[in-house]
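Novice: need a structure here:
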Amino acid sequence: MTDSARSDQHPARGAPALATGHAELPDEQATAALALAIEPVLTPGMIIFLCGELGAGKTSFARSLLQSLGYHGRVKSPTFTLVELYNLSRYELYHFDFYRFTHENEWLNAGFDELIGSAGAVSLIEWPERGGEQLPAPDLTVRLRYRDDGASGRDALIAAFSPQGVACLNAACAAGCCRLD
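Specialist: Here you go, the predicted model:
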C-alpha cells in the first residue's frame, strides 16, 4: 500500500475504520506526546500498524511509546533483526519491521503469526503493507507522513478498527494530540 492509500480503510482488506483522526506533529516532542497519550489504554493482544515512508517517524513513535511504558534501554529499528521483544511490567511488546520482506508470506515463514496479536503482548508493526492480506487486522493504524504544506514536522492519520483502537484515538484526542475527522 502506498502513502496515498486511504487511511480510513484497513490496509489489506479495505474495511472501513470505526473512527479516524488527524494529528499535526511539528516536532519529535509532539510525536512523543501522541505515543504517551495512547499508552494508558493499550491492552495485551492489540496490534498497531505504523505506516509511512522512510524517515517519517515510525521508529521514533515506537521509541516514545516504549519510553512511556517505562522502558529505558536503547530502542532501535528492527529493520535487520525483523523483530525486537521488550519485556515490560504490564505486558510484552513486539516491535516488528517488515521493510526487508519481498514476499507477503515471509512473516508467516518466520513464525511471526504466533507472536502477532498474542494474548500477553502488544504488537507494533512497521511496513505492515508488506505482510499482505493474511496479516491480522490492526486495532489502530498510525500513518505518518511528511507535511504537504512544506512546513517541518509530520502529520499522523490515525484510524481505529476495533473498540480498543477507538479508545486509543479518543485518548489521544482527549490529550489534545489530535482531532477526530
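Novice: now do the strands in the protein.
Specialist: 19-25, 47-51, 83-87, 92-97, 121-126, 140-146, 154-160, 179-180 (DSSP state E).
Novice: highest average neighbour count across those?
Specialist: Scoring those by mean neighbour count under mean count of other Cβ atoms under 10 Å gives strand 47-51 as the most buried, with a mean of 26. C-betas here are computed from N, CA, C, even on glycine.
Novice: that strand: how far from the chain's middle?
Specialist: Taking Cα atoms, centre = their mean, to the nearest Å, one finds the center of strand 47-51 at 3 Å from the center of the full chain.
Novice: ok, now stretch 56-66?
Specialist: That offset, for stretch 56-66, works out to 9 Å (Cα atoms, centre = their mean).
Novice: and the strands of the chain as JSON lines, adding mean pLDDT and distance to Y71?
Specialist: JSON lines is the format used below for the strands of the chain (pLDDT from 0 to 100; distance: least, Cβ to Cβ, whole Å):
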{"stretch": "strand 19-25", "mean pLDDT": "95", "distance to Y71": "21"}
{"stretch": "strand 47-51", "mean pLDDT": "95", "distance to Y71": "16"}
{"stretch": "strand 83-87", "mean pLDDT": "93", "distance to Y71": "6"}
{"stretch": "strand 92-97", "mean pLDDT": "94", "distance to Y71": "8"}
{"stretch": "strand 121-126", "mean pLDDT": "95", "distance to Y71": "12"}
{"stretch": "strand 140-146", "mean pLDDT": "93", "distance to Y71": "18"}
{"stretch": "strand 154-160", "mean pLDDT": "94", "distance to Y71": "21"}
{"stretch": "strand 179-180", "mean pLDDT": "94", "distance to Y71": "29"}
